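Q: Give me a 3D structure for the following:
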Amino acid sequence: MRTANLLSTCALFCALLAGCEKAKMFTDEVQAKLAGKAASGLMELGGPEMDPELEALVDKTDEGYLFRRDISFPQEMDIRAEEVIAFDECQVFGRSPYGGVKDRLSLTNRKIRFYKRRSGSIDCTIEVDQIEKALDEKMSEEERASAITKSKDAGAQVSFNYTGGSWTTRKTTDFAKAMANQRHEKELDVRLSEDGLMSRARWFGQKRIKMGSKVQLSVDLLDLVFPRGTEGSATMTLVGIEGVHGHPCGIFEITGNLDFIEPATQESLEADGKTSLESGSKVWLSLLYPVVLRKDLHTVTTLKFGEVKNGGGIISGKMKLTTLLDWQIASNKKAAAPE
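A: Numbers count the residues shown, from 1 in each chain. Next up, the predicted model:
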């Protein structure tokens, strides 16, 4: 499974090592590249109410809900995508140039991306990209001040154009922006669907879904919710209907087991692992477009980074993944209500 929306593997692993005393010298070199303290403001979820104009487009009968895909997907959107990955007392095993590492740590990786998609172009601002160490009442003021560190992409702006049937980075003479474009181009195919910039390739058919109905996601159907290439299986149960920033969504409880591989890059080790979706995991799927607007996944995850003896490591324990889209159509065009 390509896990661009699950982990920034190298940065997170180095951050986990940063909390281990034995690896302090090693991780100081990493932290030196992460500048300053980041803003902590995050999006507000708001209430579960649905926008009345959007609610009128929901297709519901006595036979259940139809998850529509007949409405033309908008080409102009403003989207704010928030992603939070929280490790809770996870076990960390690894090796740095200064010795072995074994510890239990809690960390949070928080990202917020703001997109402006217009016809043939996407502009993205990385508003927040930071790693937050768990605060402790015994921490000194200096330790608290350094508990939040930004990645080098925080504040970066990246741009893409649609040419020749595909999205490519926009040419620029600004070296820093060109490098940021290059880094983010590698995961653009995942971001397009995961952050709601385009419709998901796979969606529900014409069969209506009643409250309490189960949907089985075999390996070839997992990309309805997860990135393409996900392996394993999952079961979804429709348990409710509510708005996400006013947008009508079906709420599904989800359980299952997933396998994934994140290929190595110049900046990160290869990562592979297994995830079990625990009770309480939910996803919010739009009733109007093939888009997943929210995920709240409680997992037990084991991740292996490269070869432990050669500088890699293992993270194992509880991980919570939360994603949330504030998904707004920029144009004034109104979709058609169901007949």
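Q: What is the helix or strand residue 130 falls within packed up against?
A: Per DSSP states H and E, residue 130 falls inside strand 121-133. If you count contacts as 3 or more Cβ pairs under 8 Å, 6 or more residues apart in numbering; DSSP states H and E, strand 121-133 packs onto helix 9-18, strand 99-118, strand 148-150, strand 157-163. In short, each C-beta sits where N, CA and C put it, glycine included.
Q: can you rerun that using 7 Å?
A: strand 99-118, strand 148-150, strand 157-163 (3 or more Cβ pairs under 7 Å, 6 or more residues apart in numbering; DSSP states H and E).
Q: between it and strand 99-118, what angle do the directions make?
A: Angle of strand 121-133 versus strand 99-118, following axes from the mean of the first three to the mean of the last three Cα atoms, to 10 degrees, is 150 degrees.
Q: Given strand 121-133, what are its sheet partners and their directions?
A: strand 99-118 (antiparallel), strand 148-150 (antiparallel), strand 157-163 (antiparallel) (DSSP bridges).
Q: Kindly reformat those strands as a markdown table containing distance to residue 72, mean pLDDT and mean neighbour count.
A: Shown next, in a markdown table, are those (distance: least, Cβ to Cβ, whole Å; pLDDT from 0 to 100; neighbours: other Cβ atoms under 10 Å):
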| stretch | distance to residue 72 | mean pLDDT | mean neighbour count |
| --- | --- | --- | --- |
| strand 99-118 | 14 | 86 | 18 |
| strand 148-150 | 39 | 82 | 19 |
| strand 157-163 | 17 | 91 | 17 |
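Q: With respect to residue 274, which of the ones you listed lies nearest?
A: strand 99-118 (19.4 Å; Cβ to Cβ).
Q: Would you mind putting the CA coordinates of the closest one into CSV?
A: The C-alpha trace of strand 99-118 is given here as CSV (Å, rounded to 0.1, in the frame of the first residue of the first chain):
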residue,chain,number,x,y,z
GLY,A,99,24.5,2.4,19.4
GLY,A,100,21.2,0.6,19.8
VAL,A,101,17.9,2.2,20.7
LYS,A,102,15.1,0.6,22.6
ASP,A,103,12.4,2.8,24.1
ARG,A,104,8.6,3.7,24.4
LEU,A,105,7.6,7.0,22.9
SER,A,106,4.5,9.0,22.1
LEU,A,107,4.6,11.4,19.1
THR,A,108,2.2,13.2,16.8
ASN,A,109,2.9,14.1,13.2
ARG,A,110,0.5,16.9,12.0
LYS,A,111,0.1,18.2,8.5
ILE,A,112,-2.3,20.8,6.9
ARG,A,113,-2.3,21.4,3.2
PHE,A,114,-4.4,24.1,1.5
TYR,A,115,-5.2,23.6,-2.2
LYS,A,116,-6.6,25.9,-4.9
ARG,A,117,-7.6,23.8,-7.9
ARG,A,118,-8.5,25.8,-11.0
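Q: ok, now which ones touch residue 321?
A: Residue 321 makes contact with 6, 85, 295, 297, 299, according to Cβ atoms under 7 Å, 6 or more residues apart in numbering.
Q: Partner strands of the host helix or strand of the fourth one and their direction?
A: Spelled out, it's residue 297. With elements taken from DSSP H and E, the one containing residue 297 is strand 292-305. Note on strand 292-305: by DSSP bridges, its sheet partners are strand 271-277 (antiparallel), strand 282-286 (antiparallel), strand 313-329 (antiparallel).
Q: any idea which of those is most buried?
A: When you average the neighbours per residue for each of the strands paired with strand 292-305 (mean count of other Cβ atoms under 10 Å), strand 282-286 leads with a mean of 24.
Q: List of residues touching it?
A: 67, 225, 244, 247, 249-254, 292-296.
Q: That one: how far from the chain's middle?
A: 14 Å (Cα atoms, centre = their mean, to the nearest Å).
Q: what about it, average pLDDT?
A: Averaging pLDDT along strand 282-286 yields 97.
Q: ok, back up a step: can I get the strands paired with strand 121-133 in CSV with distance to residue 201?
A: Output for the strands paired with strand 121-133, formatted as CSV (distance: least, Cβ to Cβ, whole Å):
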stretch, distance to residue 201
strand 99-118, 18
strand 148-150, 33
strand 157-163, 17
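Q: among the ones you listed, which is nearest residue 315?
A: Among the strands paired with strand 121-133, strand 99-118 comes nearest to residue 315, with 8.8 Å by Cβ to Cβ.
Q: Tabulate the strands paired with strand 292-305 in a markdown table, adding columns for distance to residue 216.
A: Listed next are the strands paired with strand 292-305 as a markdown table, based on distance: least, Cβ to Cβ, whole Å:
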| stretch | distance to residue 216 |
| --- | --- |
| strand 271-277 | 14 |
| strand 282-286 | 15 |
| strand 313-329 | 22 |
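Q: among these, which is nearest residue 119?
A: Closest among those, using Cβ to Cβ: strand 313-329, at 13.2 Å.
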